[in-house]
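Asks: Pasting the sequence and the predicted model now:
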Amino acid sequence: MSTSGFRTTRSRSTCAPEPRPSVTPERRPGGAGAGVSSHAMAPDAAHGTGPASPAGAIVTASTRLAEVPSVPGIVLYQADEPFAVWERTETAAGRDGLPPPFWAFAWAGGQALARYLLDHPALVAGCRVLDVAAGSGLLAVVAARSGAAQVTAVDVDELAIAAIAANAAANGVEVTPVLADLLAGPVPAADVLLCGDAFYEKDLAERMLAFLERARARGTRVLAGDPGRAFLPAGRLTPLASYEIPVTRALEGMTVKRATVYEVPGSP
Ligand SMILES: C[S@@+](CC[C@H](N)C(=O)[O-])C[C@H]1O[C@@H](n2cnc3c(N)ncnc32)[C@H](O)[C@@H]1O
């Protein structure tokens with residue numbers, strides 16, 4: 001993996017080291033070191049998503065635990081290709097029409113930002129961190145590993161919530177998964193907001209950019225990773241660094257993809 005930096009970043013953490021109030025509306029303890037919370041939009045989602053739950057069992061049985069190529073020391077439950085795992089999860093869940101298994105992959109944008117955090121842990125150390133569109137929870141796991149005080153990972157896919165819990169447990173870190181679509185609502189209090197590879201659909205990209213810019217306006221540092229997806233709002237973002245990321249050919253049609261880490265301008 002090669003990297004080119006565009007700009008240096010402060011190495012000192014801007015967050016207070018002592019624990020702060022949770023960034024989530026509610027919080028309940030989960031299994032094996034991973035907490036599970038739900039948002040008011042999905043009040044029952046806090047149940048049955050831990051690593052030992054039925055959803056957790058589907059995640060772990062459909063994938064294998066493997067290191068993320070760009071992020072040494074971090075393991076995730078990952079699939080080699082999307083279609084078999086999608087079919088397997090639908091069979092195991094006993095229903096069709098599940099969303100694609102985004103959670104079974106470390107996407108190029110997420111890997112780039114994860115690598116950046118690994119190289120700049122002071123960005124999140126001691127901070128309240130929110131990983132939005134978390135998928136596997138890769139960014140949440142890396143933030144927790146980098147010393148974040150509290151980490152919340154949000155996704156709209158119930159299996160992603162189970163994957164986040166399983167991946168947090170596999171890495172021995174505490175992450176609070178939240179099943180919710182927060183994009184239209186108020187931005188939760190957080191010091192740092194992380195967004196990996198979420199500009200692949202027009203509607204999602206527009207809503208995500210508005211959310212990230214609202215977060216920035218209230219003083220949150222906002223970092224995003226993206227490999228140049230169709231709806232990346234590059235003109236509204238400041239590039240920080242780029243990486244050559246190993247990716248799954250079945251997803252991307254290639255084995256290495258260049259992805260860039262961005263900051264929403266004006267971040268503290
Ligand atoms: C391409 S994956 C990226 C996952 C991860 N950040 C990474 O980089 O590996 C995009 C994720 O966004 C989630 N997503 C889509 N719409 C969302 C929304 N409104 N709120 C939260 N997550 C959303 C999907 O379920 C999926 O897990």
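Replies: That came through fine.

Asks: The residue of the chain found nearest the ligand: neighbour count?
Replies: Nearest residue of the chain to the ligand: residue 110, at 2.0 Å (Cβ to the nearest ligand atom). (Each C-beta comes from the backbone N, C-alpha and C, glycine too.) Neighbourhood size, residue 110 [other Cβ atoms under 10 Å]: 34.

Asks: Output the contacting helices and strands for the lengthiest helix in the chain.
Replies: Scanning the chain for the longest helix, with DSSP state H as the assignment, gives helix 202-217. Applying 3 or more Cβ pairs under 8 Å, 6 or more residues apart in numbering; DSSP states H and E, we find helix 202-217 packed against strand 192-196, strand 221-226.

Asks: Tell me what angle the shortest one forms with strand 221-226.
Replies: Put plainly, it is strand 192-196. Using axes from the mean of the first three to the mean of the last three Cα atoms, to 10 degrees, the inter-axis angle of strand 192-196 relative to strand 221-226 is 10 degrees.

Asks: ok, now how distant is residue 90 from residue 62?
Replies: 10 Å (Cβ to Cβ, to the nearest Å).

Asks: what about these two, which has more around it?
Replies: The neighbour comparison of residue 90 against residue 62 (other Cβ under 10 Å) goes to residue 62, with 21 against 15.

Asks: Now do the same contact list for that one.
Replies: With contact set as Cβ atoms under 8 Å, 6 or more residues apart in numbering, residue 62 has these partners: 79, 85, 88, 89, 92, 101, 104.

Asks: Show me which of those residues is closest to residue 186.
Replies: For those, the closest approach to residue 186 (Cβ to Cβ) belongs to residue 101, at 29.8 Å.

Asks: dump the residue contacts of the closest one.
Replies: Neighbouring residues of residue 101 by Cβ under 8 Å, 6+ apart: 62, 79, 82, 85, 86, 89, 159.

Asks: now do 6 Å
Replies: Neighbour list for residue 101: 82, 85, 86 [criterion: Cβ atoms under 6 Å, 6 or more residues apart in numbering].

Asks: If we ignore the residues flanking it in sequence, what's nearest residue 97?
Replies: Nearest residue to residue 97, sequence neighbours excluded (Cβ to Cβ, 6 or more residues apart in numbering): residue 90, at 7.7 Å.

Asks: does the helix or strand hosting the one you found come close to the ligand?
Replies: Applying DSSP states H and E as the criterion places residue 90 in helix 82-93. No. Helix 82-93 does not reach the ligand (Cβ under 6 Å from any ligand atom); its nearest approach is 11.0 Å.

Asks: Against which helices or strands is that helix packed?
Replies: Applying 3 or more Cβ pairs under 6 Å, 6 or more residues apart in numbering; DSSP states H and E, one finds that helix 82-93 makes contact with helix 54-62.
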